[in-house]
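# All I have is the shape, not the residue letters:
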């Protein structure tokens, strides 16, 4: 997490986007092309939960489809019409709609932008230090290391 900013309030779109578009190892990182995250929580030095303002250009996805063991997540659509893909199927979303993902359910999820316009949404999640992440569609798993960063491995445990 970056150093806290001394600002009291800012225009969210003025917060610089992350310089590294994805933490995934290749070949997965390339699949995040067209996703831009502004780490609003980090900007203010928030430690207990993260808040990102995320833009998906046409054709982009929010993340690999994933499920957290201990981290709750919440999304709120501000602009555009993404499709939410979960273990239960596909759900079209629109501005003003939201969805939550309770930790430990195993219900993997992500958003895709199948339209010709950008999607803009907030995603919020707690920062559970002992979280792990499963990716049912990919040969990937992740756990948070002692330094707070995601450590990626193949499903057989071999590190990337």
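Structure received. Values in this document were obtained by computation on a predicted structure and should not be read as measured data.

# Let's verify residue 13: helix, strand, or coil?
helix (DSSP: H, G, I helix; E, B strand; the rest coil).

# now residue 55
strand.

# what are the ranges of the strands in this protein?
35-39, 49-56, 67-68, 73-79, 83-86, 89-92, 98-101, 109-112, 119-126, 132-135, 140-144, 150-153 (DSSP state E).

# Of these, give the one that comes closest to residue 15.
Residue 15 lies closest to strand 35-39 among those, at 4.5 Å (Cβ to Cβ). Every C-beta, even on glycine, is put in place using the N, C-alpha and C of the backbone.

# Let me see the mean pLDDT of that closest one.
Averaged across strand 35-39, the pLDDT comes to 97.

# Where does pLDDT dip in this structure?
1-4 (pLDDT under 70).

# same thing but 50
1-2 (pLDDT under 50).

# could I get the strands of the chain as JSON lines with mean neighbour count and distance to residue 5?
JSON lines is the format used below for the strands of the chain (neighbours: other Cβ atoms under 10 Å; distance: least, Cβ to Cβ, whole Å):
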{"stretch": "strand 35-39", "mean neighbour count": "19", "distance to residue 5": "11"}
{"stretch": "strand 49-56", "mean neighbour count": "20", "distance to residue 5": "13"}
{"stretch": "strand 67-68", "mean neighbour count": "22", "distance to residue 5": "27"}
{"stretch": "strand 73-79", "mean neighbour count": "17", "distance to residue 5": "22"}
{"stretch": "strand 83-86", "mean neighbour count": "18", "distance to residue 5": "31"}
{"stretch": "strand 89-92", "mean neighbour count": "10", "distance to residue 5": "35"}
{"stretch": "strand 98-101", "mean neighbour count": "14", "distance to residue 5": "26"}
{"stretch": "strand 109-112", "mean neighbour count": "20", "distance to residue 5": "27"}
{"stretch": "strand 119-126", "mean neighbour count": "19", "distance to residue 5": "18"}
{"stretch": "strand 132-135", "mean neighbour count": "18", "distance to residue 5": "28"}
{"stretch": "strand 140-144", "mean neighbour count": "18", "distance to residue 5": "24"}
{"stretch": "strand 150-153", "mean neighbour count": "15", "distance to residue 5": "24"}
